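>>> got a predicted structure plus its sequence, pasted below:
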Amino acid sequence: MVGAGGCGGTRMRRLLASHGVGAELRLLITDRHGPWGMLGLLRATDVRPFGPQDRRRAQQLVPALLAALRRYVTAGPLAPSIPALPTGVITVGPDHAVRSVSPQARSWMRQMWPGLGSGVPDWIADAFWVGLSLHARAHARDPRAWQPLLCTPTANFGRSVLMHGQPLDDRGDGDVAIVVQAAGGGLLLPSFCDWYGITTRERRVLEHLYDGAAPKQIARALGVSAYTVNDHLKSVYGKTRAQGRDELIAALSG
């Protein structure tokens with residue numbers, strides 16, 4: 001799926017334009033399972049805008065980008081390679097400006113974007129938070145809209161990170177709080193299973209395994225044999241390249 005224009009419509013386009021961006025082309029990387037990621041292409045104001053030919057060329061990239069994205073994520077470390085940080089909070093005002101960043105959130109930003117302040121424009125991070133706040137406002141007004149909840153894989157930042165936008169009023173007209181925290185457990189499991197191609201039955205086994213159940217207990221809970229449970233676990237170990245239960249639990253714990 002390809003779209004032109006800015007995420008969040010006119011407001012985001014104005015934000016990008018204030019930094020010299022004249023056009024944006026967004027490529028949603030998706031297949032029958034759903035969306036996997038997005039590629040955003042920007043052009044400066046003094047360059048011709050994206051057209052139909054650019055969109056067609058971008059669409060042709062989807063299969064290759066999807067394959068590369070999954071290889072990148074699943075080839076990365078299974079368990080976190082960097083320590084978890086305390087939960088941080090960023091607030092974005094109704095004027096779509098970042099109002100405040102807690103010290104904990106600043107630590108997350110330095111960990112996620114180490115180039116900030118050393119040549120990488122700070123507005124790149126600000127645009128990310130503003131985009132998430134725009135989705136949070138849209139969801140507050142229409143619950144059918146996409147819920148602003150992102151869970152990044154370990155390969156991105158050295159550990160799975162959860163980012164969630166929450167308006168501080170009922171209609172999303174005031175400030176929006178963006179919460180940044182380490183992802184783990186039930187919040188991490190859905191995306192973990194999607195990235196590694198873990199089936200629904202294997203996921204049920206993982207849920208019980210994460211809760212501390214032994215294979216025989218899992219078998220009784222699911223109404224299957226212990227051999228079936230062990231077969232599912234062997235399949236999961238093969239897909240994730242986990243060396244055993246401890247490494248798998250560490251990965252899911254975040």
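Yes, it's here.

>>> which element is D126 on?
With elements taken from DSSP states H and E, the one containing D126 is helix 123-141.

>>> contacts for that helix?
Under the criterion C-beta atoms under 8 Å, 6 or more residues apart in numbering, residues 7-8, 11-12, 15-16, 19, 90, 92, 96-98, 109, 113, 116, 145-148, 150, 163, 165-167, 169-173, 176, 178 lie in contact with helix 123-141. All C-beta spots, glycine's among them, are computed from the backbone N, C-alpha and C.

>>> following element in sequence after that helix, please.
strand 149-152.

>>> quick one, phi/psi of the residue sitting furthest away from the middle of the chain?
Ranked by distance from the centre of the chain (C-alpha atoms, centre = their mean), the top residue is S225, with 35.6 Å. Backbone geometry at S225, expressed as degrees, to the nearest 10, gives phi -80, psi 160.

>>> what score does the residue nearest to it when sequence neighbours are not counted have for pLDDT?
Counting by C-beta to C-beta, 6 or more residues apart in numbering, A219 is the residue found nearest to S225 once chain neighbours are left out, at 5.9 Å. Looking at A219, its pLDDT reads 97.

>>> so the residue farthest from the centre of the chain versus T200, what's the distance?
Noted for S225: a distance of 18 Å to T200, by C-beta to C-beta, to the nearest Å.

>>> beta partners of I29?
G37 (DSSP bridges).

>>> now do the contacts for it.
Contacts of I29 (C-beta under 8 Å, 6+ apart): P35, W36, G37, M38, L39, V62, L65, L66, L69.

>>> same thing but at 10 Å, please
Shown in contact with I29 (C-beta atoms under 10 Å, 6 or more residues apart in numbering): 1, 35-39, 61-66, 68-70.

>>> can you pull the pLDDT of it?
For I29, the model assigns a pLDDT of 86.

>>> I figured V89 hits S107, correct?
No - in this structure V89 lies outside contact range of S107 using C-beta atoms under 10 Å: 11.9 Å.

>>> return the distance of the residue nearest to D173 when sequence neighbours are not counted relative to L168.
Closest residue to D173 apart from its sequence neighbours, by C-beta to C-beta, 6+ apart: P94 at 6.0 Å. According to C-beta to C-beta, P94 stands 10 Å off from L168.

>>> strands of this structure, residue ranges please.
2-4, 21-31, 34-44, 88-92, 98-101, 149-152, 161-167, 176-182 (DSSP state E).

>>> now the first one: mean pLDDT?
Taken as a whole, strand 2-4 carries a mean pLDDT of 43.

>>> same check, this time on the fourth one
When pLDDT is averaged over strand 88-92, the result is 97.

>>> against which helices or strands is that strand packed?
Judged by 3 or more C-beta pairs under 10 Å, 6 or more residues apart in numbering; DSSP states H and E, strand 88-92 is in contact with strand 98-101, helix 103-112, helix 123-141, strand 161-167, strand 176-182.

>>> hey, C-alpha coordinates of it in CSV?
Provided in CSV are the C-alpha atoms of strand 88-92 (Å, rounded to 0.1, in the frame of the first residue of the first chain):
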residue,chain,number,x,y,z
GLY,A,88,9.9,7.7,30.3
VAL,A,89,7.2,10.2,29.4
ILE,A,90,7.0,12.8,26.6
THR,A,91,4.2,15.2,26.4
VAL,A,92,3.0,16.8,23.1
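
>>> shaky segments in the stretch 51-200 of the chain?
Residues of the stretch 51-200 of the chain meeting the criterion pLDDT under 70: 116-121.

>>> now with 80?
114-124 (pLDDT under 80).

>>> okay, now the domains of the chain?
2-75, 88-183, 187-253 (automatic domain parsing).

>>> would you turn these into a markdown table with distance to S81?
Supplementary listing: the domains of the chain in a markdown table, determined by distance: least, C-beta to C-beta, whole Å:
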| stretch | distance to S81 |
| --- | --- |
| domain 2-75 | 13 |
| domain 88-183 | 5 |
| domain 187-253 | 11 |
